[in-house]
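# based on what follows, work out the 3D shape:
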Amino acid sequence: TFINKMDREAMDIFELLDDIENELGIATCPVNWPIGSGKEFKGVFDRNTRKVLLFSNTEKGTKEGEELEIALEDSAIDGILAPGQKEKLLEDIELLDGASAEFDQDQVSKGELSPVFFGSALTNFGVETFLQHFLQMTTSPLPRKADVGVVDPMEEEFSAFVFKIQANMNKAHRDRIAFMRICSGKFTAGMEVTHVQGNKKMRLSQPQQMMAQDRKMVEEAYAGDIIGVFDPGIFSIGDTICMPGKKIRYEGIPTFAPEHFARVRQMDTMKRKQFVKGVTQIAQEGAIQIFQELDAGMEEVIVGVVGTLQFDVLKYRLENEYNVDIIMENLPYEFIRWIVNEDIDPKTLDLASDTKRIQDLKGNHLLLFTSYWSINWALEHNKGLELREFGTN
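Numbers count the residues shown, from 1 in each chain. Got it, this is the predicted structure:
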């Protein structure tokens, strides 16, 4: 746990720890401890090294804060801390040593204990310390299931899994980045790989790693690393990348059934191309799911989301990133089911009047229902019909 914004006024730290334990239901173990907060924030005390990491603020947080490490017993610290801060720190340390949970790596790995760090992410103070400890506490890359069995991350042959796609990360260039986790082997910039779902060989162009707004080109990466590559529109979430001549498919990511639906169309019919591109790219990122009525085009689509806030995000992004104004009409449906039977024509199904037949962008047939009663009606009146609640990317 990283408790942020210590350079602003904060609650009592012990109360913050109590809130974490009550909300998450796990014990906490402060690895370091803040000295003051807000304008009186001076830094953090490392309980392991028994040293103080001092904080120096910068104007409006435009630059990284400077860090200076000094022993608590050093007399120079008396001239740095505000009156009474050292005494309070010593009291807090004594209380922590006697009452707080001790660090136990096994409990951390099981999710039963949360190490706690303090700092200010805006000025990057305490973040490096947190990340260094995180690297020590986290596990090595884990094996991943594929159609050929479990793939060991220590295998020599490279393979990766696309788990996120983000369009317009740089609005000036309209770029689109596919993020992939390396599951095995070593990645080298410019190496030839196979895109399994696309059944084609390719070279991953401009591999990069990102930290906030900063991008860095990478020459090599290993199992457990995450890289971003330029995507001309060929990747989808759940795709597998591997070495030529060895095709494997990693298990996909579950797609949760949306619970809210709306009919969406563009106001200006002359902007159909921008509208189709926008909703398709945002859907490929996993933020929304797009469906069509049977035999209908893309001039009007049905959008499904898990939370209604995603409708606002869709509207905002279409307006600001694709310059498309939309009309959105909420629909009464609450449940969606994938039709498992590939040999069934959805047009022949005997359904309740409030059920709608739709399809996704891959041509899979689905049904929208307003109630469980309608779902039961469909199953009772169509012998052999199989419905599934979740899909997989």
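# how about the helices of the protein, start to end?
Ranges of helices in the chain, per DSSP state H, are 13-24, 85-99, 105-109, 127-137, 272-284, 309-321, 372-381.
# list of residues touching the shortest one?
Same thing as helix 105-109. Under the criterion CB atoms under 8 Å, 6 or more residues apart in numbering, residues 27, 113-115, 137, 139 lie in contact with helix 105-109. Glycine gets a C-beta too; all of them are placed from N, C-alpha and C.
# repeat that for 6 Å
Residues outside helix 105-109 that contact it (CB atoms under 6 Å, 6 or more residues apart in numbering) are 113, 137.
# that helix - what's its average pLDDT?
Per-region confidence: helix 105-109 scores 90 on mean pLDDT.
# how does the protein divide into domains?
2-137, 144-242, 255-392 (automatic domain parsing).
# return the most buried member of the helices of the chain.
helix 272-284 (a mean of 19; mean count of other CB atoms under 10 Å).
# centre of the chain versus that helix, how much separation?
21 Å (CA atoms, centre = their mean, to the nearest Å).
# give me the angle between it and helix 309-321.
Helix 272-284 runs at 140 degrees relative to helix 309-321, counting by axes from the mean of the first three to the mean of the last three CA atoms, to 10 degrees.
# can I get the domains of the chain in a markdown table including distance to residue 249?
Formatted as a markdown table, the domains of the chain follow (distance: least, CB to CB, whole Å):
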| stretch | distance to residue 249 |
| --- | --- |
| domain 2-137 | 29 |
| domain 144-242 | 5 |
| domain 255-392 | 11 |
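# out of these, which gets nearest to residue 248?
Closest to residue 248 of the domains of the chain, according to CB to CB: domain 144-242, at 4.6 Å.
# would you mind measuring the gap between the ends of that closest one?
End-to-end distance for domain 144-242, by CA to CA, to the nearest Å: 14 Å.
# now do stretch 357-370: everything it contacts.
290-294, 332-333, 335-339, 346, 354-356, 375.
# pLDDT value on the most far-flung residue of the chain relative to its centre, please?
No residue in the chain sits farther from the centre than residue 75, which is 45.7 Å out by CA atoms, centre = their mean. pLDDT for residue 75: 81.
# could you give the bridge partners of the one residue sitting closest to the centre of the chain?
By CA atoms, centre = their mean, the chain has its centre lying nearest to residue 164, at 7.8 Å. Residue 164 has these beta-bridge partners by DSSP bridges: residue 179.
# do you know how far it is from residue 183?
15 Å (CB to CB, to the nearest Å).
# residues of stretch 138-152 that come out buried?
Of all the residues in stretch 138-152, those buried under the rule 16 or more other CB atoms under 10 Å are 141, 144, 146, 151.
# do the same with stretch 252-271
Buried, per 16+ other CB under 10 Å, within stretch 252-271: 253, 255, 257-258, 260-262, 264, 266, 271.
# identify the farthest-apart pair in the buried residues of stretch 138-152.
Farthest pair in the buried residues of stretch 138-152, by CB to CB: 141 and 146, 14.5 Å.
# what's the burial count for residue 73?
Using other CB atoms under 10 Å, residue 73 has 8 other residues around it.
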